[in-house]
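S.K.: I would like the atomic coordinates for the input below:
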Amino acid sequence: MSYFDAASAAPLHPVARQALTASLDEGWADPARLYREGRRARMLLDAAREAAAEAVGCRADEVVFTSSGTRAVHVGVAGALAGRRRVGRHLIVSAVEHSSVLHSAEVFEAEGGSVGRVPVNRAGAVDPSSFAAALRPDTALACLQSANHEVGTVQPVAEVAGVCRAAGVPLLVDAAQTLGWEPVGGDWSLLTASAHKWGGPSGVGLLVVRKGVRFAAQGPVDERESGRAPGFENIPGIVAAVASLRAVRAEAAQEAVRLRELTERIRARVPELVPDVEVVGDAEHRLPGIVTFSCLYVDGEALLHELDRAGFSVSSGSSCTSSTLTPSHVLKAMGVLSEGNVRVSLPPGTAEADVERFLEVLPGAVAGVREKLGAPAAPATGTGPGELLVDSLGKRCPIPVIELAKVIGQVPVDGIVRVLSDDEAARLDIPAWCEMRGQQYIGEEPTEAGTAYLVRRVS
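M.R.: This next block holds a predicted model:
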């Protein structure tokens, strides 16, 4: 079995396992107590905090350990907004932030705050000038991930941090995907991360609040973790998390080169092996181990099951794998194809042979899913009436696009196909199909039953 979903959770690093086992015997006592066992636990906690600060590039008294990366985000966003409440009630986030950031933004908005969402380009990157344009006199906080969790695109954090610093606005950086590779550059104000992203144990998060940042912890507090993360510290987990962070950092430079070569191989060969595929994300400014692509005429959930049966664990941002049947907010913000989406995120140590076997298995898996769905084997050709209506009401991705592809050749050049659909993914996938197939997407028209998507045949 080949595990290719490290962006969700990396396998436990051997160093983390060793540190966890050792600290279970030494770090079980209350570090706030003065007796011997408590002092021993405090020494372990203090040493871990110093090591974490060194890895991040900050002061030890700026580091807070939380119960998860998500908790670190929630605490960081809420505390920074509350601390700068007198400045205003405006928050800025990018359109492709992790759900933990977006959920915090939704809560803030429900409580009367306003949220500005900075768009991204088709590669998934923000433009620093767009961040600058979104800043207002009442902006209390800005948030930007260091790299995207779904497509691997690295964000211009240092440039955005400079823009925010010049405006006097603190920047919170979600560094979950990059901290295991390198420190986050730039003059940021707050930083969050999660140990299970770099091979540490789950249940350990990291929050860094720079000195001078106005911060007011929300909810009940106690004396632990500077009053910012109440509750008994998970010392064995923290020790293991920091030990694994130092270990993966020591291996990062060499491993990054190797994984980047493997993902570049996937990026180059998948479009050669599988027709009608769109590889998404920035081709250069990206994480070493992530590559994401979307396949036309493919049910994402069915494809993931096929790959799982073949021995590959991958993830997807396709609406076909979502309980809400809505496309990934990241793919939607990028304006790229969402159906049949596959994210391959290679953990450190991935063997070249496993990647080669994946490339051997993938074409057959995609072809099998397309055959079951009745997808067209080749672009449709021919002539017919000047306009056709495709009724895809009640049908979910990728069926509306498949039905469009089957009939486009039945109208003459400059003829129109109207696709009637109530599937949210169609709003993203039909324009993406037009771009991939060289057809013209005209736009959409609301109807009583659903939305009509208009496509003009170009060739």
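
S.K.: State the distance from the residue nearest in space to the middle of the chain to residue 6.
M.R.: Geometric centre of the chain, nearest residue: residue 149, 2.3 Å, by CA atoms, centre = their mean. Separation of residue 149 from residue 6 (CB to CB, to the nearest Å): 11 Å. For the C-beta atoms, the positions are set from N, CA and C on the backbone; glycine is no exception.

S.K.: Look up the closest residue to residue 255, ignoring the ones flanking it.
M.R.: Excluding the flanking residues, the one nearest residue 255 by CB to CB, 6 or more residues apart in numbering is residue 348, at 4.8 Å.

S.K.: Repeat that for residue 153.
M.R.: Using CB to CB, 6+ apart, the closest residue to residue 153 is residue 124 (3.9 Å).

S.K.: so which strand or helix has that neighbour?
M.R.: Residue 124 is located outside every helix and strand, with elements delineated by DSSP states H and E.

S.K.: Give me the neighbour count for it.
M.R.: 29 (other CB atoms under 10 Å).

S.K.: And residue 389, by the same measure?
M.R.: Residue 389 has 11 neighbours, counted by other CB under 10 Å.

S.K.: Can you tell me the SS state at residue 231?
M.R.: coil (DSSP: H, G, I helix; E, B strand; the rest coil).

S.K.: circling back to that earlier point, phi, psi of the residue nearest to residue 153?
M.R.: Dihedral pair for residue 124: phi 90, psi 10, per degrees, to the nearest 10.

S.K.: residue contacts, residue 395?
M.R.: 403, 421, 423 (CB atoms under 8 Å, 6 or more residues apart in numbering).

S.K.: For the second one, report the pLDDT, please.
M.R.: On pLDDT, residue 421 comes in at 91.

S.K.: isn't it right next to residue 447, touching?
M.R.: No: applying CB atoms under 8 Å as the test, residue 421 and residue 447 come out as separate, 10.1 Å apart.

S.K.: Those two: which is more packed in?
M.R.: Higher neighbour count among residue 421 and residue 447: residue 421, with 29 against 12, using other CB under 10 Å.

S.K.: Just grab the bridge partners of the more buried one for me.
M.R.: residue 451 (DSSP bridges).

S.K.: ok, it to residue 455 distance?
M.R.: 12 Å.

S.K.: shared neighbours, those two?
M.R.: Common contact partners of residue 421 and residue 455 (CB under 8 Å, 6+ apart): residue 430.

S.K.: Please enumerate the strands of the stretch 51-200 of the chain.
M.R.: Assigned by DSSP state E, counting those that start in this stretch, the strands in the stretch 51-200 of the chain fall at 63-66, 90-94, 114-118, 139-145, 171-174, 190-194.

S.K.: contacting residues around the fifth one?
M.R.: Spelled out, that is strand 171-174. By CB under 8 Å, 6+ apart, strand 171-174 touches 73, 76-77, 80, 97-98, 100-101, 141-146, 157, 160-161, 164-165, 184, 186, 188-193.

S.K.: 7 Å instead?
M.R.: The contact list for strand 171-174 (CB atoms under 7 Å, 6 or more residues apart in numbering) reads 73, 76-77, 80, 97-98, 101, 141-146, 157, 160-161, 164, 184, 188-192.

S.K.: ok, now the fourth one?
M.R.: Contacts of strand 139-145 from elsewhere in the structure, counted by CB under 7 Å, 6+ apart, are 77, 80-81, 84, 87-94, 97-98, 101, 126, 131, 155, 157, 160, 164, 169-174.

S.K.: Helix, strand, or coil at residue 443?
M.R.: Going by three-state DSSP: residue 443 is strand.

S.K.: per-residue confidence for the closest residue to it other than its chain neighbours?
M.R.: The shortest distance from residue 443 to any non-neighbouring residue, by CB to CB, 6+ apart, is to residue 454 (5.9 Å). Confidence at residue 454, expressed as pLDDT, is 94.

S.K.: likewise residue 267?
M.R.: Predicted confidence (pLDDT) for residue 267: 97.

S.K.: OK, contacts around it?
M.R.: 279, 283, 291.

S.K.: try 6 Å
M.R.: By CB atoms under 6 Å, 6 or more residues apart in numbering, the contact set of residue 267 is 279, 291.
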